[in-house]
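okay, predicted coordinates and the sequence, questions at the end:
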Number of protein chains: 2
Amino acid sequence: MVVSPPKTAPGRRTASKAERRLQLIKATIRSIAKRGLSETTMAAVAGEARLSQGIINLHFQSKERLLIETLRYVADEYRATWEKALQGAGNSNAERLEALVYADFSKPVCDRNKLSVWFAFWGESKSRPTYRKICAERDREYDEMLTDLCAGLIAEGPYPGVDPALVATGLASMSEGLWLDLLVDPDSMSPEKAMRVYQVYLAGMFPKHFAY
Amino acid sequence: MVVSPPKTAPGRRTASKAERRLQLIKATIRSIAKRGLSETTMAAVAGEARLSQGIINLHFQSKERLLIETLRYVADEYRATWEKALQGAGNSNAERLEALVYADFSKPVCDRNKLSVWFAFWGESKSRPTYRKICAERDREYDEMLTDLCAGLIAEGPYPGVDPALVATGLASMSEGLWLDLLVDPDSMSPEKAMRVYQVYLAGMFPKHFAY
DNA sequence: AGAAAATGAATGATCATTCATTCATTAACA
DNA sequence: TGTTAATGAATGAATGATCATTCATTTTCT
């Protein structure tokens, strides 16, 4: 929960802190997608936001912090997306898993700008412990939730001898690989096709719950 | 095939062109892993190779070309790895697929330095058509080969109603996702565990060929 | 000696960051 | 209500550091 974010006062021309920060984070995402992380400069982000040179240091102190906050933003958004998908889904494990697939390939999640951001930070993660921690945390949370869900399905089946943790990791990994295809080869991959690929795995793994 | 790469002449202290280029490419891979692509400078790479400032421009003309050649190097190496795995494998489709799994999680392929390079370039691919083309080409080649293999397995099963292209894309995507886990969370993922995850998919998809 | 490879100081461009100043908004006061 | 002082958001020129690239010179090999 956020401690009542200050809204813009009526008629105010300068934005509140929270608004400016969000505006700059969104500009950072666009800049990483447009120029790549290695050519994303402070001037580029400020220009993308149509604001002045010094604005980022005013709100984020340094470039490094802006980048970390940007990664946190997409990570938080991703978690919020699948939490919401679970809330909106039916009560059966099959329905909940189906909802997660839709969430993973929904517009806001597999938008190529945001995918660029994920892969850019993953690419730097080995040399930057902060990035790696945020990414690993996202992985872990998702994996835990998905393992529970798979365990439920396996018990229902029953599908004897199937390890829920391995299936969950496989599902999560497949999503990430499909995101890569969407980023690198959008002509031969689409969210719809990605979902079909995912469905093939589900049907093969849980034939009593899913069909081709 | 390469047109007979010039070997080092006997007693020569300076390396041949091909040797220096390879040395610099390997230094680039280490630098990307150690510092990230965005902090990989010409001086860093030259230092990593224990050579002088100007050496890269001498052999690669520009930084951009060094990076492209580095990406090409890992891409070529990857293709060579799976081609060799197929050559060394038995004749059955199941054995060939098994060999591909081992290749994908062999030391040279899922070494974290090289994974850093892949993800770094994937992260920049949206803004750099040259990177994207090389990556998409690698994807396409692998996908075609794997689709043929899966088609063979599906016919043998038979596994009616299973689309070989979708299964192949799923398998390739899963590898990429597992590589991400190896890069980002090496404490909870290992090549052995990755292979087990992969095996679960194979067993679920092709129960007449693979078991848990 | 002549050719090729390698060096490393020099150059100019680009970058993140700083900070004195401007501007918009609110609060205080009459 | 109208005026003014105080606040803090935003600017953009200036700074110093870092970077890729060049090239005159040196080293190494034939």
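On my side now, so go ahead.

and the most centrally placed residue in chain A, what helix or strand is that in?
Closest to where the C-alpha atoms of chain A average out (CA atoms, centre = their mean) is residue A:78, at 3.7 Å. Element membership of residue A:78 [criterion: DSSP states H and E] is helix A:63-88.

just residue A:43 next, same as before
Counting by DSSP H and E, residue A:43 is found in helix A:42-48.

sorry, back to before: tell me the buried residues in the helix holding residue A:78?
Using 16 or more other CB atoms under 10 Å in any protein chain shown as the test for burial, helix A:63-88 gives A:66-71, A:73-75, A:78, A:81-82, A:85-86. Where you see a C-beta, it was placed from the backbone N, CA and C, and this is true even at glycine.

is DNA strand C contacted by that helix?
Yes. Part of helix A:63-88 sits near DNA strand C under the criterion CB under 7 Å from any atom of the strand, namely A:63-64.

what about that helix, near chain B?
No. Counting by CB under 8 Å from any CB of the partner chain, chain B is not contacted by helix A:63-88; separation bottoms out at 9.4 Å.

and for the helix or strand just after that helix, what are the contacting residues?
Remark: after helix A:63-88, the chain's next helix or strand is helix A:93-104, criterion DSSP H and E. Contact partners of helix A:93-104, identified using CB atoms under 8 Å, 6 or more residues apart in numbering or on different chains, comprise A:81-82, A:84-86, A:88-90, A:109-110, A:146, A:149-150, A:152-153, A:156, A:175, A:195, A:198-199, A:202, A:206, A:209-210.

going through these, which ones are buried?
Buried by 16+ other CB under 10 Å: A:81-82, A:85-86, A:89, A:109-110, A:146, A:149-150, A:152-153, A:175, A:195, A:198-199, A:202, A:206, A:209-210, out of the contacts of helix A:93-104.

and the residues you listed, which of them are in strands?
Among those, none falls in strands (DSSP state E).

dump the buried residues of helix A:63-88 to CSV, plus pLDDT.
Formatted as CSV, those follow (pLDDT from 0 to 100):
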residue, pLDDT
A:66, 97
A:67, 97
A:68, 97
A:69, 97
A:70, 97
A:71, 98
A:73, 98
A:74, 98
A:75, 98
A:78, 98
A:81, 98
A:82, 98
A:85, 98
A:86, 98
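
ok, those vs residue A:191, which is closest?
Minimum distance to residue A:191 across these is 13.7 Å, recorded for residue A:81 (CB to CB).

the closest one and residue A:108 touch, don't they?
Yes. Taking contacts as CB atoms under 8 Å, residue A:81 lies within contact range of residue A:108: 6.7 Å.

so where is chain A shaky, pLDDT-wise?
Per-residue confidence for chain A (pLDDT under 70) gives these ranges: A:1-15.

what domains does the record give for it?
Using automatic domain parsing, the domain ranges for chain A come out as A:15-61, A:68-205.

among those, which comes closest to residue B:27?
domain A:68-205 (15.2 Å).

how about the closest one, does it get close to DNA strand D?
No. Domain A:68-205 stays clear of DNA strand D (CB under 7 Å from any atom of the strand), getting no nearer than 13.1 Å.

from chain B, how far out is residue A:212?
From residue A:212 across to chain B, the span is 5 Å (CB to the nearest CB, to the nearest Å).

what's near enough to touch that residue?
So residue A:212 contacts A:199-200, A:203, B:161-162 (CB under 8 Å, 6+ apart).

tell me which element it is part of?
Using DSSP H and E, residue A:212 falls outside every helix and strand.

how far away is it from residue B:207?
From residue A:212 across to residue B:207, the span is 15 Å (CB to CB, to the nearest Å).

burial of residue A:187, as a residue count?
A count of nearby residues for residue A:187, using other CB atoms under 10 Å in any protein chain shown, gives 6.

now do the SS call for it.
At residue A:187 the chain is in coil, as set by DSSP: H, G, I helix; E, B strand; the rest coil.

show me where chain A has helices.
A:17-35, A:42-48, A:55-60, A:63-88, A:93-104, A:107-110, A:112-124, A:129-156, A:164-184, A:191-205 (DSSP state H).

give the contact list for the nearest residue to residue A:28 once chain neighbours are set aside.
Using CB to CB, 6 or more residues apart in numbering or on different chains and skipping the chain neighbours, the partner closest in space to residue A:28 is residue A:70 (4.6 Å). Counting by CB under 8 Å, 6+ apart, residue A:70 makes contact with A:25, A:28-29, A:32, A:117.

and what of residue A:169?
So residue A:169 contacts A:143, B:178, B:181, B:189, B:193, B:197 (CB under 8 Å, 6+ apart).

tabulate the residues you listed (TSV), appending distance to DNA strand C and neighbour count.
Output for the contacts of residue A:169, formatted as TSV (distance: CB to the nearest atom of the strand, whole Å; neighbours: other CB atoms under 10 Å in any protein chain shown):
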residue	distance to DNA strand C	neighbour count
A:143	34	19
B:178	33	27
B:181	30	22
B:189	32	22
B:193	38	17
B:197	39	26
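
among those residues, which one lies nearest to DNA strand D?
Among the contacts of residue A:169, residue B:181 lies closest to DNA strand D (CB to the nearest atom of the strand), at 30.2 Å.

these two touch, right, residue A:69 and residue A:25?
Yes. With contacts counted by CB under 8 Å, residue A:69 reaches residue A:25, the gap being 6.1 Å.

and the gap between residue A:123 and residue B:198?
Distance of residue A:123 to residue B:198, computed by CB to CB: 23 Å.

sorry, that was for residue A:103
24 Å.

ditto for residue A:118
Taking CB to CB, one finds residue A:118 at 22 Å from residue B:198.

residues touching residue A:128, list them.
Counted by CB under 8 Å, 6+ apart, residue A:128 has contacts residue B:36.

ok, residue A:112 next?
Shown in contact with residue A:112 (CB under 8 Å, 6+ apart): A:33, A:182-183, A:186, B:126.

now swap in residue A:191 and tell me
Counting by CB under 8 Å, 6+ apart, residue A:191 touches A:105-107, A:110, A:182.

ok, the closest residue to residue A:81 other than its chain neighbours - how many residues close by?
Closest residue in space to residue A:81, ignoring its immediate chain neighbours: residue A:103 at 5.2 Å, by CB to CB, 6+ apart. Look at residue A:103: counted by other CB under 10 Å, it has 21 neighbours.

do the same with residue A:40
Neighbours of residue A:40 (other CB under 10 Å): 26.
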